[in-house]
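**Student:** Sequence plus the predicted model coming up.
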Amino acid sequence: MSFDLAVVLGLLSAVIVMFALGRPRMDAVALSVLVALPLTGILTVQEALASFSDASVVLIAALFVIGEGLVRTGVASSMGDWLASRAGSGSSRLIAMLMLVVATLGSVMSSTGVVAIFIPIVMRIALRLRIPPRQMMMPLSFAALISGMMTLVGTPPNLVVNSELLRNGHAGFGFFSFTPFGLPILLLGIGYMIVARRWLKNVEPEEAVSHGRLTLAQLVGDYGLARCVYRLRIGPGSPLAGQSLEVLRLHATHGLNVMAVEHPQRFTSTYLSAGGETVLRLGDALIAHFAGPEERLQALASRLALQPLPLGDLDPVSRPRPIGIAEVIIPPDSPLCGRSVLEADFRSTYGLTVVGLRRGLITPVEGLLEEKLQAGDTLLLVGPWKELRRSQRGKRSFLLLNQPEDLEELPPASDRAPQALLSLGVVVVLMVTGALPHVQAALIGCLMMVGFRCIDLDNAYRAIHWQTIVLIAGMLPFSLALQKTGGIAMAADGLIRLVGGAGSYALLASLFAATALTSLFISNTATAVLMAPVAIAAARELGFSPYPFAMIVALAASAAFMTPVSSPVNMLVMGPGRYSFGDFLRIGVPFTVLVMLVSLALVPLLLPVR
C-alpha cells in the first residue's frame, strides 16, 4: 500500500466515522473533504471542485425543482386525495394503493418530499378508518425507498452509479432500465407489508384511534401533559387585568407559558392568540402550560388571583378558531436539528408555542426547553392558524402531521397542474427516447416549470436540497482519489480473491451485502459513490459486463429498510408511527434479505454477466 493510498483511506475512515456519529453534519463533512484532498497533493483544487459540474449533480438539483413544481401545483396532493377517496374500508387494499401511489410519485420526485406530503394524508385516513398509524407509516417509508428502484431518476444513488458507468466509457442506463427490477420488488413489498403489519401491534389504547379527529384530551395524554396544561381565570383584584402579555412576561417571571386566552362573551367564548400585544381582561381564562410542581402553581394562582378551571371540552381542533393545536414533525434537513426548543425561539420566530415533544415512544416532559431537537421528533404546537399556515410556505423547518380543516388550503399554483404534468411528460419522453442527455432534458423541464409559472425562481432555488448536492459533490472526489492511488483496483482485487472463484452470483451477492451494510452507517448516496467504482472494476477484471454489477449496487443502495437512520424517509415516519429501533430491525431485515434474493434472481437474468 502506497503512502498516498494510506492517506486517502485514513481520510475515508474519518469521514465514515463522522457520518456514523452524525457529527458534524454530513454536508459539513463533505465540504471538509473538498478542502482536505487538495492539501494532500493527491488531487488538484480543480479536480476536487470539478464534481460540482458533474452531470449527475446538476441533474439531481434539477429534479428537486421539478418535484417542487408538482407539489406547488397540487399534482402530488391530488394523488393523495384520490387515494383517500378510493381507499375503502379495508386496510390491505389501503396499503396496496398507498404503496403503489407513493412508489409512482417517488419515481419522478424526491422520496423524502413524497413522504412529507403523505404523512398527514395517511394519518387522517388511518384515524377515519380506525387503523393504527403504526400499521401504515412503515409501508409508506418502504414504498418511498422502493420508488428509487423504479426509474433512473428515482434516487440519487442511481444517478451516481450511472455517472460512474459513463465515466468508464460505457453507455449508461436508460430511464426505465430499473423498472423490471423495481416493479417485482414493489409487488413483493406490498404483499410483505400486508402480512408484516400484523407484527406492528398498536401501542396506543384502542380509543386513541376510534374517531376521525384528535381532541385536546388525547393530545394532552399523548404528550404527557395531563399535569402541565391548565385553565386559569383572571379573578377580581388580579394584577394581570388590563396588562398586555408583552409587559407581564409571565413565562420569564413565573414560568407560566400562555398558549391562548379565552375571552368570555354573552353566549360563547372566543379564543385569542397569546401574542405580546394581547391585553388581558377581568374574567378572561388563560390556557397555559406550567411544568413546575402543582403546589407552586397553587401559590402562584393565589398571588395573582387566578382561579383554576377544568379544561372541559376545550378542543381548538374541532371548530374553526383563531388559535389551535397541531402536531408537527422535524424533517432531516430542518435548521432546527441540533438546537434546543429554547434556542429555536418558536414564539419570536414562528409566533407559535411548543408545549410537548415526542421522540418515538418517549415523551420528555421535564427539561422540555433544553431538549435538543432531532430529525423525526414530533412537537405539539399552539398558536394562530395563520402562523401555522405561514410556517408551511417556502423552506419549511417543520411539517404538519395532523392538519385540521381550518388550515387546509389550495396549493399556491393549483390552476397550473396541467402545465406541470406537461413539463414532466416532456422530461420523461426526452429521457426515454434519448433525444437529449438526461441532464439537459431535466433542465428543459425546469425552464418549462418556471415559464408556465408552476414555480417561481426564488422558490426553485429554495426547493433544491443543497445538503444533498454538497454531500454528493464532496464525496465524488474520493472516487477519483482512490482510482489515482490504486485503491479501487486493490478493493476490486480483494473482492475477486475473496469470492471471484465462486462465480458471478457470489460476487453479486457480496456486492449487494457490502452496499446494504455500509448504508447502515453512511448515507446510501455516499455508499454508491464508494461501491460503484469497485463493482465496475471487479467486472472489468473478470471480463464480465459492468451493467449487472452496477445495477446490483444501485438496488442495494435503495434497500435501506433495516434501521431508522438508514434513510431520511425512515426518520420521518419514526415519530408518527411510534416506532422503536427494534421495529425497523424486526420488519426491515427480513425484507432486505428478500429483496437481495429477488435482485440476485432477476439481475443476471435480465442483464447477463457476459
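**Tutor:** Arrived safely, thanks for sending.

**Student:** Mind exporting the C-alpha coordinates of stretch 43-62 to PDB?
**Tutor:** Below are the C-alpha coordinates for stretch 43-62, written out as PDB (Å, rounded to 0.1, in the frame of the first residue of the first chain):
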ATOM      1  CA  LEU A  43      -5.900  15.900  -6.300                       C
ATOM      2  CA  THR A  44      -5.700  19.400  -7.600                       C
ATOM      3  CA  VAL A  45      -8.200  22.000  -6.500                       C
ATOM      4  CA  GLN A  46      -9.700  21.900 -10.000                       C
ATOM      5  CA  GLU A  47     -10.100  18.100  -9.800                       C
ATOM      6  CA  ALA A  48     -11.800  18.300  -6.400                       C
ATOM      7  CA  LEU A  49     -14.200  21.100  -7.400                       C
ATOM      8  CA  ALA A  50     -15.000  19.500 -10.800                       C
ATOM      9  CA  SER A  51     -17.600  17.400  -9.000                       C
ATOM     10  CA  PHE A  52     -19.900  20.400  -8.800                       C
ATOM     11  CA  SER A  53     -20.100  20.300 -12.600                       C
ATOM     12  CA  ASP A  54     -20.700  16.600 -12.800                       C
ATOM     13  CA  ALA A  55     -23.900  15.800 -14.800                       C
ATOM     14  CA  SER A  56     -25.400  13.700 -12.000                       C
ATOM     15  CA  VAL A  57     -25.100  16.600  -9.500                       C
ATOM     16  CA  VAL A  58     -26.800  19.100 -11.900                       C
ATOM     17  CA  LEU A  59     -29.400  16.500 -12.800                       C
ATOM     18  CA  ILE A  60     -30.300  15.900  -9.100                       C
ATOM     19  CA  ALA A  61     -30.700  19.700  -8.500                       C
ATOM     20  CA  ALA A  62     -33.000  20.000 -11.500                       C
END
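
**Student:** Can you pull out the residues in contact with that stretch?
**Tutor:** With contact meaning Cβ atoms under 8 Å, 6 or more residues apart in numbering, stretch 43-62 is reached by 34, 37-38, 153, 156, 159-160, 162-163, 166, 437-439, 442-443, 445-446, 464, 468-469, 472-474, 476-477, 480-481, 484. Bear in mind the C-beta positions are built from the backbone N, C-alpha and C, glycine included.

**Student:** can you check stretch 490-506 too?
**Tutor:** For stretch 490-506, the surrounding residues in contact (Cβ under 8 Å, 6+ apart) are 1, 5, 482, 507, 509-511, 534, 537-538, 540-542, 544, 548, 600, 604, 609.

**Student:** ChimeraX command to pick out the buried ones of these?
**Tutor:** In ChimeraX, this line selects whichever of these come out buried by 16 or more other Cβ atoms under 10 Å:
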select :5,482,507,509,510,511,534,537,538,542,544,548,600,604,609
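
**Student:** In strands only, show me the contacts of stretch 490-506.
**Tutor:** Per DSSP state E, strands hold no members of those.

**Student:** domains of this protein?
**Tutor:** 3-42+479-606, 216-309, 323-407 (automatic domain parsing).

**Student:** that's a helix at Q46, yeah?
**Tutor:** Yes - according to DSSP: H, G, I helix; E, B strand; the rest coil, Q46 belongs to a helix.

**Student:** so how far is P568 from it?
**Tutor:** Going from Q46 to P568 by Cβ to Cβ, to the nearest Å gives 32 Å.

**Student:** Same check on I95?
**Tutor:** In terms of Cβ to Cβ, I95 sits 22 Å off from P568.

**Student:** Report pLDDT for the residue nearest to P477 when sequence neighbours are not counted.
**Tutor:** Distances taken as Cβ to Cβ, 6 or more residues apart in numbering place A48 nearest to P477, at 4.7 Å, with adjacent residues excluded. Looking at A48, its pLDDT is 87.

**Student:** neighbours around A48, how many?
**Tutor:** 24 (other Cβ atoms under 10 Å).

**Student:** again with G242
**Tutor:** Residues lying near G242 (other Cβ under 10 Å) number 12.

**Student:** Let me know whether it touches V279 as I believe.
**Tutor:** Yes - counting by Cβ atoms under 8 Å, G242 does reach V279; the two are 6.9 Å apart.

**Student:** For burial, what's the neighbour tally of V15?
**Tutor:** A count of nearby residues for V15, using other Cβ under 10 Å, gives 22.

**Student:** Please name the residues that touch it.
**Tutor:** Contacts of V15 were listed using Cβ under 8 Å, 6+ apart, and they are 29, 33, 475, 478, 522.

**Student:** quick one: which of these is most hemmed in?
**Tutor:** Among these, the one with the most neighbours (other Cβ under 10 Å) is M475, at 27 neighbours.

**Student:** That one sits in which helix or strand?
**Tutor:** Per DSSP states H and E: M475 is located in helix 466-484.

**Student:** list the helices and strands that helix packs on?
**Tutor:** Counting contacts by 3 or more Cβ pairs under 8 Å, 6 or more residues apart in numbering; DSSP states H and E, helix 466-484 is packed against helix 3-21, helix 26-40, helix 45-49, helix 55-72, helix 156-167, helix 487-499, helix 524-542.

**Student:** Measure how far that helix is from the centre of its chain, please.
**Tutor:** A distance of 22 Å separates the centroid of the chain from that of helix 466-484, by Cα atoms, centre = their mean, to the nearest Å.

**Student:** got CSV for the domains of the chain, with distance to A196 and mean pLDDT too?
**Tutor:** Formatted as CSV, the domains of the chain follow (distance: least, Cβ to Cβ, whole Å; pLDDT from 0 to 100):
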stretch, distance to A196, mean pLDDT
domain 3-42+479-606, 5, 84
domain 216-309, 25, 79
domain 323-407, 19, 75
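
**Student:** Pretty sure P139 sits against M99.
**Tutor:** Yes - using Cβ under 8 Å, P139 makes contact with M99 at a distance of 5.5 Å.

**Student:** If you count surrounding residues, which of these two has more?
**Tutor:** Higher neighbour count among P139 and M99: P139, with 28 against 23, using other Cβ under 10 Å.

**Student:** With only the CA atoms kept, save the host helix or strand of the more buried one in PDB.
**Tutor:** Element membership of P139 [criterion: DSSP H and E] is helix 134-147. Taking only C-alpha atoms (Å, rounded to 0.1, in the frame of the first residue of the first chain), the coordinates of helix 134-147 have been written out as PDB:
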ATOM      1  CA  ARG A 134     -48.200   2.200  13.200                       C
ATOM      2  CA  GLN A 135     -49.500  -0.200  10.600                       C
ATOM      3  CA  MET A 136     -49.500   2.400   7.800                       C
ATOM      4  CA  MET A 137     -46.300   4.500   8.300                       C
ATOM      5  CA  MET A 138     -43.800   1.700   7.600                       C
ATOM      6  CA  PRO A 139     -45.500   0.700   4.300                       C
ATOM      7  CA  LEU A 140     -45.200   4.400   3.400                       C
ATOM      8  CA  SER A 141     -41.500   4.600   4.000                       C
ATOM      9  CA  PHE A 142     -40.800   1.200   2.400                       C
ATOM     10  CA  ALA A 143     -42.700   2.300  -0.800                       C
ATOM     11  CA  ALA A 144     -40.700   5.500  -0.900                       C
ATOM     12  CA  LEU A 145     -37.500   3.500  -0.700                       C
ATOM     13  CA  ILE A 146     -38.700   1.100  -3.400                       C
ATOM     14  CA  SER A 147     -39.500   4.100  -5.600                       C
END
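
**Student:** now for that helix, which elements pack on it?
**Tutor:** On a contact count with 3+ Cβ pairs under 8 Å, 6+ apart, helix 134-147 meets helix 91-106, helix 111-129, helix 179-196, helix 568-574, helix 581-606.
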